[in-house]
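A.B. asks: after the sequence you'll find the predicted model.
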There are 2 protein chains.
Amino acid sequence: MSPSIRDIAKKVGKSITTVSRALHDYDDVSPETKELVRKAAEEMGYIANRQAQLLRQKSTDTIGFILPTFGPRFSDPFFSEFLAGIGNKASAYGYDLLVSTCPPGEKEIHTYQYEVQSNRVDGFIIVRTRVEDERIKYLTSVNFPFVAFGRVPGMDDIPFVDENSEIGMQMIADYLVDLGHTKIACIAPSMNYTFAIHRIAGLKEGLKLHGINLQEKDILTGDLTEKGGYERAMELIQRKMHPTAIVALNDLMAIGAISAIQDSGLIVGKDISVTGFDNIPSAAYTHPPLTTVHQPIFQIGGMVSEMLIQIVKNVPLEKKQILLKPSLIKRQSSGAPIKK
Amino acid sequence: MSPSIRDIAKKVGKSITTVSRALHDYDDVSPETKELVRKAAEEMGYIANRQAQLLRQKSTDTIGFILPTFGPRFSDPFFSEFLAGIGNKASAYGYDLLVSTCPPGEKEIHTYQYEVQSNRVDGFIIVRTRVEDERIKYLTSVNFPFVAFGRVPGMDDIPFVDENSEIGMQMIADYLVDLGHTKIACIAPSMNYTFAIHRIAGLKEGLKLHGINLQEKDILTGDLTEKGGYERAMELIQRKMHPTAIVALNDLMAIGAISAIQDSGLIVGKDISVTGFDNIPSAAYTHPPLTTVHQPIFQIGGMVSEMLIQIVKNVPLEKKQILLKPSLIKRQSSGAPIKK
DNA sequence: TTGAAAGCGCTAACAT
DNA sequence: ATGTTAGCGCTTTCAA
């Protein structure tokens, strides 16, 4: 068994109170006692029992993160990088990270409720915010701390980090139009995701400035995976007049689109240009490499994590809302359209 | 504040003991009382305080998983899928998942020690086992439960799930030789990983059966990322006599290799064939699609998770070691070499 | 500067 | 069938 505070007390001939206070570096313990206690603790390999500590303190020093997993082949590189970002900062602050998995839907909110009420975590990190976000509604209603990666329309007060993807998409629009494209289609995820709304808005806005109207029929809905991108791109390609540029709202779908175009015997970047969003590492290794908008996922994970910890610690936040500037990464998946 | 067991007791006019027992469906509580208590609990939205429960029971109902993160751009799709697999089964059994991040090295073992001794978790899941695996040595030495994804040489008693990648690589070897390849090179990760050893052994063995000797100079070392695969492949291509087939030991490096070959103006599957390992979703969407060996990562995550839970619950295991049969996925990144 | 004692919310041995 | 009581390991009043 691991030694307890009692064992140390016995060894140094002091009370457990004194030991506890020495370990926490309280002012009212003599330096000698502190030294004595610390040495004994070290020698005995003492590590505080977290359960007990936390029960007492009514806090958990733990951050909750509920992975919205969609089916078994859940391998979005976005999440592993984001998780690494959260985890890194959390451990830097001595916080643990409790991860659960739950597909979006009915049960999801129960998972949150359960973790809130059973006192498992001090706060949550929410990812891929949605238009009517039950998670955020719930957490706000019970006044439980959280920080979101992504904005929520109509809830401007919540703490969040997001990339200004409107601007990102405007950059894409400018770039494609400058290359000479006019027939542009888009593969988006469900409009339930707020990021989809922002990105579509940015794209529309950007195109409109050049006198181009993005029509509803040119916005297809995919599921954020390569497969989804592939299938939607195929539909676009098979139209009698296919677009010369396909704007996918994330890299995974863009990769699928590239594959579909090539399977159709067309040339990516010539017959049809493709752009993505995220700049996942793979994006540099598609063929041709993918033009996309960079998002510093790892850093964002860190920021979100840090903000949440400040909040649960009651440290005043410098900024409650952070909107990052995107940057366009031009690669060879996009080029001038072929003149006919 | 969430209601406690005391609040329920007060409400139904029973002792807290009775409430506790009713909630746990003990035999020695009358059905009426059980009903009464349950209803009250439901009404009041009672959820047990996990910290207290667990402190008392000396268990945590929590599984630990320490992500070996290598630097910030940590986006191996392997991990998100594996995590989803672990998480799913864990929650099915009512277990939580505590995730930490720590780069392999010095500090890593402290992270394990800390979580063990502070009583944070009941057991660990270990991934990507290594030859002299400090993590496993430590956990065995303190007799702390764990299950590994991957074998460890010389420790045949540890509980693990692994794919028989020797056979997987033999299938690759057979297949490539049948296509007519004789000049075969390999991009492997550090031989610290036991899976690298198994896969190389399988490849060598498989080739030897066809009278081909895989030489050390034809085994390059990459870092398991696209970038690593790209760079090593470039080295191979620039040799005066480049190989006609590049066998990468994971899909990410294979994707990098494909990119390098194409950037060199060669044709993948004709000039140089490429194979991977894992069959991540992206593998079907490279151009050309990647020939690889399938590994059911999600299921393996589930199995490992389930085994660990059995172990910490002291339920006897059906099988302590599980070795899965691989299957070869033939796609167009591999073909007959061009005759000269 | 230190210690005694209460108690976080829960479970379980023991008593009734 | 139910209640009394002790105690998990820790922190924190309060008193000395």
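C.D. replies: Happy to help now that I have it.
A.B. asks: quick check: the residue of the stretch 51-200 of chain A nearest DNA strand C.
C.D. replies: A:Arg56 (3.7 Å; Cβ to the nearest atom of the strand). Any C-beta I mention is one placed from the backbone N, CA and C, and that applies to glycine too.
A.B. asks: where are the low-confidence patches of the stretch 201-340 of chain A?
C.D. replies: Across the stretch 201-340 of chain A, the ranges flagged by pLDDT under 70 are A:340.
A.B. asks: and the strands in it?
C.D. replies: For the stretch 201-340 of chain A, the strands defined by DSSP state E, counting those that start in this stretch occupy A:219-221, A:245-248, A:273-275, A:292-294, A:321-324, A:327-329.
A.B. asks: what's next to the first one, contact-wise?
C.D. replies: Around strand A:219-221, the neighbours that count as contacts under Cβ atoms under 8 Å, 6 or more residues apart in numbering or on different chains are A:185-191, A:200, A:232, A:235-236.
A.B. asks: what subset of those is buried?
C.D. replies: For the contacts of strand A:219-221, a burial check counting by 16 or more other Cβ atoms under 10 Å in any protein chain shown picks out A:185-189, A:200, A:232, A:236.
A.B. asks: so of those, which ones are in helices?
C.D. replies: Among these, the members found in helices (DSSP state H) are A:200, A:232, A:236.
A.B. asks: what's the closest of these to A:Leu328?
C.D. replies: Proximity of those to A:Leu328 (Cβ to Cβ) peaks at A:Ile200, which lies at 17.4 Å.
A.B. asks: quick one: the contacts of strand A:219-221 as JSON lines, columns for distance to B:Ile66 too.
C.D. replies: What follows is those, written out as JSON lines (distance: Cβ to Cβ, whole Å):
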{"residue": "A:Ala185", "distance to B:Ile66": "44"}
{"residue": "A:Cys186", "distance to B:Ile66": "40"}
{"residue": "A:Ile187", "distance to B:Ile66": "37"}
{"residue": "A:Ala188", "distance to B:Ile66": "37"}
{"residue": "A:Pro189", "distance to B:Ile66": "32"}
{"residue": "A:Ser190", "distance to B:Ile66": "34"}
{"residue": "A:Met191", "distance to B:Ile66": "38"}
{"residue": "A:Ile200", "distance to B:Ile66": "39"}
{"residue": "A:Arg232", "distance to B:Ile66": "38"}
{"residue": "A:Glu235", "distance to B:Ile66": "43"}
{"residue": "A:Leu236", "distance to B:Ile66": "44"}
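A.B. asks: now narrow those residues to whatever sits close to DNA strand C.
C.D. replies: Counting by Cβ under 7 Å from any atom of the strand, nothing from the contacts of strand A:219-221 sits close to DNA strand C.
A.B. asks: out of the residues you listed, who's nearest B:Met1?
C.D. replies: Nearest to B:Met1, judged by Cβ to Cβ, of these is A:Ser190 at 37.6 Å.
A.B. asks: for A:Val142, which non-adjacent residue is spatially closest?
C.D. replies: Sequence neighbours aside, A:Val116 is the residue nearest to A:Val142 in space, at 6.4 Å (criterion: Cβ to Cβ, 6 or more residues apart in numbering or on different chains).
A.B. asks: coming back round to it: could I get the strands of the stretch 201-340 of chain A in CSV, plus columns for mean neighbour count and distance to DNA strand D?
C.D. replies: Output for these, formatted as CSV (neighbours: other Cβ atoms under 10 Å in any protein chain shown; distance: least, Cβ to the nearest atom of the strand, whole Å):
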stretch, mean neighbour count, distance to DNA strand D
strand A:219-221, 17, 52
strand A:245-248, 30, 51
strand A:273-275, 29, 53
strand A:292-294, 23, 43
strand A:321-324, 16, 32
strand A:327-329, 16, 46
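A.B. asks: closest one to A:Pro153 among those?
C.D. replies: Among the strands of the stretch 201-340 of chain A, strand A:321-324 comes nearest to A:Pro153, with 13.6 Å by Cβ to Cβ.
A.B. asks: packing partners of that closest one?
C.D. replies: Judged by 3 or more Cβ pairs under 8 Å, 6 or more residues apart in numbering or on different chains; DSSP states H and E, strand A:321-324 is in contact with strand A:160-163, helix A:297-312.
A.B. asks: got the buried residues for the longest one?
C.D. replies: The neighbour-count check on helix A:297-312 (16+ other Cβ under 10 Å) flags A:297-298, A:300-312 as buried.
A.B. asks: could you measure from A:Asp271 over to A:Leu249?
C.D. replies: For A:Asp271, the distance to A:Leu249 (Cβ to Cβ, to the nearest Å) stands at 21 Å.
A.B. asks: which one's more surrounded, these two?
C.D. replies: Ranked by neighbour count (other Cβ atoms under 10 Å in any protein chain shown), A:Asp271 and A:Leu249 place A:Leu249 first, with 30 against 17.
A.B. asks: residue boundaries of the helices in chain A?
C.D. replies: Secondary structure of chain A by DSSP H: the helices cover A:5-12, A:16-23, A:31-44, A:50-57, A:77-92, A:108-117, A:134-141, A:165-179, A:194-208, A:226-238, A:251-263, A:297-312.
A.B. asks: neighbouring contacts of the second one?
C.D. replies: So the one you mean is helix A:16-23. For helix A:16-23, contacts defined as Cβ under 8 Å, 6+ apart pick out A:5-6, A:8-9, A:12, A:14, A:28-29, A:33-34, A:36-38, A:41, A:48.
A.B. asks: of those residues, closest to chain B?
C.D. replies: Chain B lies nearest to A:Ala48 out of the contacts of helix A:16-23, by Cβ to the nearest Cβ, at 6.2 Å.
A.B. asks: excluding chain neighbours, what is closest to the closest one?
C.D. replies: Nearest residue to A:Ala48, sequence neighbours excluded (Cβ to Cβ, 6+ apart): B:Ser118, at 6.2 Å.
A.B. asks: same question, A:Val37
C.D. replies: Once flanking residues are discounted, A:Val37 sits nearest to A:Ala22: 3.8 Å by Cβ to Cβ, 6+ apart.
A.B. asks: coming back round to it: give the contact list for the residue nearest to A:Ala48.
C.D. replies: Contacts of B:Ser118 (Cβ under 8 Å, 6+ apart): A:47-50.
A.B. asks: rebuild those as CSV, extending it with distance to DNA strand D.
C.D. replies: Formatted as CSV, the contacts of B:Ser118 follow (distance: Cβ to the nearest atom of the strand, whole Å):
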residue, distance to DNA strand D
A:Ile47, 8
A:Ala48, 4
A:Asn49, 3
A:Arg50, 8
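A.B. asks: now these in a markdown table, please, with extra columns for pLDDT and neighbour count.
C.D. replies: Putting the contacts of B:Ser118 into a markdown table (pLDDT from 0 to 100; neighbours: other Cβ atoms under 10 Å in any protein chain shown) gives the following:
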| residue | pLDDT | neighbour count |
| --- | --- | --- |
| A:Ile47 | 90 | 17 |
| A:Ala48 | 91 | 18 |
| A:Asn49 | 91 | 18 |
| A:Arg50 | 88 | 23 |
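A.B. asks: residues in contact with stretch A:186-198: which ones?
C.D. replies: Contact with stretch A:186-198 is made by A:128-133, A:150-153, A:162, A:165-166, A:169, A:199-200, A:203, A:214, A:218-224, A:228-229, A:232-233, A:236, A:246-250, A:253-254, A:257, as judged by Cβ under 8 Å, 6+ apart.
A.B. asks: how does it look with 6 Å?
C.D. replies: Defining contact as Cβ atoms under 6 Å, 6 or more residues apart in numbering or on different chains, one finds that stretch A:186-198 is touched by A:128-131, A:150-151, A:165-166, A:200, A:219-220, A:222, A:224, A:229, A:232, A:247-249, A:253.
A.B. asks: distance between the ends of it?
C.D. replies: Terminal residues of stretch A:186-198 are spaced 13 Å apart (Cα to Cα, to the nearest Å).
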